[in-house]
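K.L.:
One predicted model, sequence on top.
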Amino acid sequence: MWTGTSDNYAYLVIDDKSKDAVIIDPANPEEVAPVLKKHIDAGNINLTAIVNTHHHWDHAGGNKKLLAYPEFQGKPIIGGKDCEAVTQTPKNGGGFNIGEIAVKAIYTPCHTQDSICWLMEDSTGRAIFTGDTLFHGGCGRFFEGSAEEMNTALNKTLASVPDDTKVYPGHEYTKANVKFALSILPSEPVKRLAAFADNNKETQGKFTIGDEKKHNVFMRDPEIQKATAKTDPVEVMAKLRELKNNFKPPPTETKL
């Protein structure tokens with residue numbers, strides 16, 4: 001959906017066996033509804049819920065419009081307490097099922113206070129939908145929280161998720177993130193991420209939590225203390241975000 005009217009990713013998650021499915025962050029129903037209808041009409045999915053990662057309009061702002069379509073009336077909306085028309089807010093660590101997929105709510109307050117990352121697992125593996133908390137090589141702005149909260153969200157909460165968990169962020173920001181990362185820590189993992197972003201239009205689901213620990217400067221405070229002139233992890237996080245907010249890429253760039 002990020003190539004259309006709204007620039008966030010809307011994810012359709014389907015349990016292959018039961019065909020139960022949820023749509024995550026369908027901010028622009030005019031684009032999302034036809035896709036869902038096509039799958040429903042073809043018998044490919046049984047849409048059970050709308051799921052949100054946080055309340056910002058470019059993620060949860062399409063909930064009411066989507067519910068206005070006859071096919072989706074009465075569907076539960078699962079998300080943070082401030083999401084539009086929300087009907088269910090699982091407790092931190094709580095969750096629900098999509099067929100055989102176990103879904104766990106992981107609270108990561110900072111970008112918004114109701115930010116939830118959704119960890120999903122079945123016999124085929126694990127995935128996490130991180131909204132605007134964690135991006136490939138970056139993180140979201142601290143709109144409703146502090147550097148301490150983002151440090152907890154990234155380096156304690158999400159860092160404890162199994163390393164093989166594939167990351168599905170809320171936006172395609174990888175190219176911009178790696179430009180900043182290279183200015184802070186031009187390591188081999190960061191260079192590899194930059195090369196991938198340079199050659200691939202989409203990067204979602206191509207990297208894991210383990211990868212983020214290697215190439216995401218916001219998750220590598222021991223190696224970037226020199227760049228920030230700080231040693232305390234929270235101060236490092238605060239300084240990095242300040243640097244990122246004010247970062248302007250060089251006018252001329254060479255491909256890696």
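P.N.:
Yep, that arrived.

K.L.:
for the lowest-mean-pLDDT helix or strand in the chain, the distance to its chain's centre please.
P.N.:
Using mean pLDDT, DSSP states H and E, the weakest-scoring helix or strand in the chain turns out to be helix 221-228, at a mean of 79. Between the centre of helix 221-228 and the centre of its host chain there is 25 Å, according to Cα atoms, centre = their mean, to the nearest Å.

K.L.:
Would you state the strands of the stretch 1-150 of the chain in chain order?
P.N.:
Secondary structure of the stretch 1-150 of the chain (DSSP state E, counting those that start in this stretch): strands at 11-14, 20-24, 46-51, 77-78, 95-98, 101-107, 116-122, 125-131, 134-135, 138-139.

K.L.:
Can I get those in TSV including mean neighbour count and distance to residue 148?
P.N.:
No exception for glycine: its C-beta is placed from N, CA and C like everyone else's. Conversion of these to TSV gives the following (neighbours: other Cβ atoms under 10 Å; distance: least, Cβ to Cβ, whole Å):
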stretch	mean neighbour count	distance to residue 148
strand 11-14	18	29
strand 20-24	23	28
strand 46-51	22	27
strand 77-78	22	28
strand 95-98	17	26
strand 101-107	19	15
strand 116-122	22	18
strand 125-131	23	19
strand 134-135	27	16
strand 138-139	26	14
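
K.L.:
where along this structure do the helices fall?
P.N.:
Listed in chain order, the helices of the chain (DSSP state H) span 29-41, 57-60, 63-67, 147-152, 174-184, 188-199, 209-215, 221-228, 233-245.

K.L.:
Low-confidence bits of this protein, can you list those?
P.N.:
Across the chain, the ranges flagged by pLDDT under 70 are 252-256.

K.L.:
about what we covered before: give me the helices and strands touching the least confident helix or strand of the chain, please.
P.N.:
Applying 3 or more Cβ pairs under 8 Å, 6 or more residues apart in numbering; DSSP states H and E, we find helix 221-228 packed against helix 233-245.

K.L.:
can you pull the buried residues of the helix it packs on?
P.N.:
233, 234, 235, 236, 237, 238, 239, 240, 241, 243, 244 (16 or more other Cβ atoms under 10 Å).

K.L.:
just checking, the third one touches residue 146?
P.N.:
No: in this structure, residue 235 sits apart from residue 146 without contact. The criterion is Cβ atoms under 8 Å, and the distance is 11.5 Å.

K.L.:
before we move on, the earlier item: how about the strands of the stretch 1-150 of the chain, which one is nearest residue 163?
P.N.:
Checking these against residue 163 by Cβ to Cβ gives strand 125-131 as the closest, at 9.8 Å.

K.L.:
Report the angle between the closest one and strand 46-51.
P.N.:
If you take axes from the mean of the first three to the mean of the last three Cα atoms, to 10 degrees, strand 125-131 sits at 40 degrees to strand 46-51.

K.L.:
Just want the angle from strand 125-131 to strand 20-24.
P.N.:
With the same axes, to 10 degrees as the basis, strand 125-131 and strand 20-24 are set at 30 degrees to each other.
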